[in-house]
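> Give me a 3D structure for the following:
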Amino acid sequence: MILNIHKDNSAVLSKAICEKYQILLLCDEQNTPHIGYINQTPPAAINEIIKQHFSILPNMQKINPKLFYQNIKFLPFQEEVKNHTNNISALLDCIIQSAIKYQASDIHIERFGQDGWIRFRIYGELESCSMLDKSTYKALCSKIKLESRLDITQIKEAQDGRTQKIIDNKVYDLRISVLPLFEGESIVIRILSKHKKHLMLEDLHLDLSHLNIIKNNICKTHGIILITGPTGSGKSTTQYAMLESIKNRNLKIITIEDPIEYQMSFATQIQTNEQLGFSQALRAILRQDPDVIMVGEIRDTQTLELAFSAALTGHLVLATLHANDISSSFERLLNLGLNTHTIFASLLLIISQRLLKPLCPKCKKLQNDIWYADGCEYCNMQGSFGRELVYEICEINEEIRNLAKQKGFENLPKQQSLYENAKSKNCFSQEELNKLI
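As a prediction, the model looks like this:
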């Protein structure tokens, strides 16, 4: 049974009561109310409070402490949502400000059954934050479409838009994606901060030997470095960290992105659009006398061929590609139409990466060679905190070229596999490690 916070939790149970007795008003997939408790069933006085709102007393349901602490943090937000239902403009501002406060990368506004839901993606996990009644959900969807200059009358086609918000004197770019559903719409808002701190390579927690390999290759005058991994694996962050390490006034750095996630000094940044795609932009910037080119994503054969051609003609190219690991990265290059000669003539380095949830540093423990964490106040009883980069690296040298010719790409040696790299960090549960198997 999937339980979520009930939309009337704040109206029925105050935050003080919830924290004191460690209870929550929850609802299941059929919107049936339940009283969730961690250790002890609530006293009779709580039942008297609940009876004032429900004709039939909700079922008592013992819940995992993680579920309680995951939801208790959103109670102030739910109260704010409730207070702003009569002012949709204020409600939208409240949602965006709260998402930034909770360090969410995306806001999801969707309809499940008769109700709308607000969910935030925080450290890669999608967390349910608050329910919306049907009329508020519809009004909020229309407001978001108006703010991003989309057609509010069009409810049967996907639409993409953008807008900006200034919060605490900081500018945030908001990328809006609207998708029609059987009933209602699904809206996802990507939050991009122009004031986000630029990470350096040293901030990525790379092993010293791997850090030196990357630094040696990004200082070369030509060739291509590929960063591969699934969506949301931090590829763009790694690209920016590389650029931060080499940028200076004497280099012409041009980036092609969709969207531009960070603003960089001493870099010419190009935002793609319907008229200017990755391949068109890449072809155009080769006439701009660049030294370093960053390609936000290689999506098609034309862009791939242009990127490798640019690497052959005296440019350092940093590009990302969707692939699961280093072996599948080579397969993807071949499937997109590159031949072995072109790959080895241009390719300097492949980095395949993931973002995993590390165990909380305050409460992690080692037992029988397995790390685990029960949860504590620091991690909000979740047992994990933030995200950590894991990766595997393959530097293309003469030995690698010869091995590929003899044994094929799938047998190429790596500095460490993704699993080995994650295991060596001593900060992941076995459940997280199993994601790499």
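> and for the least confident helix or strand in the chain by mean pLDDT, what are the contacting residues?
Every helix and strand of the chain was ranked by mean pLDDT, DSSP states H and E. The lowest is helix 398-407, at a mean of 80. By Cβ atoms under 8 Å, 6 or more residues apart in numbering, the surrounding residues in contact with helix 398-407 are 330, 340, 344, 394, 411-413. Backbone N, C-alpha and C define where each C-beta goes, glycine included.
> if we go to 7 Å?
Outside of helix 398-407, the residues within contact range by Cβ atoms under 7 Å, 6 or more residues apart in numbering are 344, 394, 411-412.
> I'd like the next helix or strand past that helix.
Downstream of helix 398-407, the next assigned helix or strand under DSSP states H and E is helix 418-424.
> circling back to that earlier point, what comes up buried for the least confident helix or strand of the chain?
Using 16 or more other Cβ atoms under 10 Å as the test for burial, helix 398-407 gives 400-401, 404.
> and what of stretch 115-125?
Neighbour counts over stretch 115-125 (16+ other Cβ under 10 Å) mark 115-123 as buried.
> and what of stretch 343-361?
Buried residues in stretch 343-361, counted by 16+ other Cβ under 10 Å: 343, 346-360.
> ends of that stretch, how far apart?
This stretch, stretch 343-361, spans 41 Å end to end (Cα to Cα, to the nearest Å).
> thinking in terms of the whole chain, how far from its middle is it?
With Cα atoms, centre = their mean, to the nearest Å as the basis, the distance from the averaged C-alpha position of stretch 343-361 to the chain average is 16 Å.
> And the contacts of helix 398-407, which is closest to residue 252?
residue 344 (26.8 Å; Cβ to Cβ).
> Return the distance of that closest one relative to residue 237.
28 Å (Cβ to Cβ, to the nearest Å).
> any idea where the strands of the stretch 1-150 of the chain begin and end?
With DSSP state E, counting those that start in this stretch as the criterion, the stretch 1-150 of the chain has strands at 4-5, 23-27, 33-37, 59-62, 104-112, 115-122, 125-132.
> before we move on, what about the stretch 301-437 of the chain?
In the stretch 301-437 of the chain, the segments counted as strands under DSSP E, counting those that start in this stretch are 316-321, 347-356, 364-367, 370-373, 388-395.
> what sits up against the last one?
Taking contacts as Cβ under 7 Å, 6+ apart, the residues outside strand 388-395 that touch it are 204-205, 210, 213, 234, 325-326, 349-356, 358, 400, 412, 414-418, 421-422, 425, 427.
> Check the fourth one too.
In this structure, residues lying in contact with strand 370-373 by Cβ under 7 Å, 6+ apart are 359-360, 363-365, 383-384, 426-430.
> Would you indicate which residues of it are buried?
Within strand 370-373, the residues scored as buried using 16+ other Cβ under 10 Å are 371, 373.
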